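[1] Predicted structure and sequence below. I'll ask about it afterward.
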Amino acid sequence: MIKHNELVAVAVSGGKDSLALLKVIHEMSLTHSFKIKVITIDEGIPGYRMKH
């Protein structure tokens, strides 16, 4: 599905699930010769990322 040297965008939130997905895709990119571009997501919800 992904072609040689193709650019694949990966959106991550910074949580453990999306970072684990990014790691897997990065490992795949090394053996299947494609490039990745990481996009971070800001939900735009005030206080959502604040720790209490």
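    That came in fine, so what should we check first? These numbers come from a predicted model, not from an experiment.

[2] Go through the helix or strand in which Ser18 is found and flag the buried ones.
    Element membership of Ser18 [criterion: DSSP states H and E] is helix 16-32. Of the residues in helix 16-32, 18, 25, 29 count as buried by neighbour count, 16 or more other CB atoms under 10 Å. Yep, even glycine has a C-beta here, placed from its N, CA and C like the rest.

[3] As a markdown table, those with distance to His4 would be great.
    As requested, the buried residues of helix 16-32 are exported to a markdown table (distance: CB to CB, whole Å):
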| residue | distance to His4 |
| --- | --- |
| Ser18 | 26 |
| Ile25 | 16 |
| Ser29 | 11 |
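
[4] could I get those residues as JSON lines with distance to Val38 and pLDDT?
    Output for the buried residues of helix 16-32, formatted as JSON lines (distance: CB to CB, whole Å; pLDDT from 0 to 100):
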{"residue": "Ser18", "distance to Val38": "10", "pLDDT": "92"}
{"residue": "Ile25", "distance to Val38": "9", "pLDDT": "96"}
{"residue": "Ser29", "distance to Val38": "11", "pLDDT": "96"}
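
[5] The helix or strand just after the helix holding Ser18 pairs with which strands?
    Later in the chain than helix 16-32, the nearest helix or strand by DSSP H and E is strand 35-40. Strand 35-40 pairs in its sheet with strand 7-12 (parallel), by DSSP bridges.

[6] about what we covered before: quick one: residues in contact with the helix holding Ser18.
    If you take CB atoms under 8 Å, 6 or more residues apart in numbering as the criterion, helix 16-32 is touched by 2, 4, 8, 10-12, 34-36, 38.
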